[in-house]
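J.: pasted the sequence and its predicted model underneath.
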Amino acid sequence: MEKEEILMKAKKENKGKDLAELDITNKATNLAFTVGGLFIVALLIVDYAITGTFKYFVLGGLMVMLVVAFIYKYVRLRKRHELVISIIYILGSMLFLTLWILQLLGKM
């Protein structure tokens, strides 16, 4: 097989998608998610320093995003550690949801 035949066969197997483009898209998504999450946490810290109140729902939202990402990875890869991390993030999401509800009810 020649190089061109191999490339055409690989493109056909990947339904016409460019593997380099898929890899770059995945890395860009991961980077955006990481930087965005760190930015939100930094804003939460500054907001807490100024207002003295903590926005639990924001961290709950971040946790839910992580839950979805790790459950998706577990379903696709079937790696046990992805499931364990998903469960940890689910517990974190439930904690922040509970804290937010308590905050709304004025119990915190």
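T.: Perfect, I can see it now.

J.: C-alpha from now on. contacts and neighbour counts both.
T.: OK.

J.: closest to the centroid, which residue in the protein?
T.: L66 (3.6 Å; Cα atoms, centre = their mean).

J.: so what's that residue up against?
T.: Residues near L66 by Cα atoms under 8 Å, 6 or more residues apart in numbering: S86, Y89.

J.: distance from the chain centre to the helix or strand containing it, please.
T.: Using DSSP states H and E, L66 sits within helix 56-77. From the chain centre to the centre of helix 56-77 is a distance of 5 Å (Cα atoms, centre = their mean, to the nearest Å).

J.: flag every buried residue along that helix.
T.: Residues of helix 56-77 classed as buried: 56-60, 62-64, 66-67, 70-71, 74 (neighbour count, 16 or more other Cα atoms under 10 Å).

J.: give me the contacts around the following helix or strand past it.
T.: Counting by DSSP H and E, the next helix or strand C-terminal to helix 56-77 is helix 80-104. By Cα under 8 Å, 6+ apart, the surrounding residues in contact with helix 80-104 are 55-57, 59-61, 63-64, 66-68, 70-71, 73-74, 108.

J.: report the lowest-confidence entry in these.
T.: Ranked by pLDDT, the contacts of helix 80-104 bottom out at M108, which has 76.

J.: show me what contacts that one?
T.: Contacts of M108 by Cα under 8 Å, 6+ apart are L102.

J.: buried set for the lowest-mean-pLDDT helix or strand in the chain?
T.: Ranked by mean pLDDT, DSSP states H and E, the weakest helix or strand in the chain is helix 3-13, scoring a mean of 75. Residues of helix 3-13 classed as buried: none (neighbour count, 16+ other Cα under 10 Å).

J.: low pLDDT regions in the chain?
T.: In the prediction, the chain carries residues with pLDDT under 70 at positions 1, 14-16.
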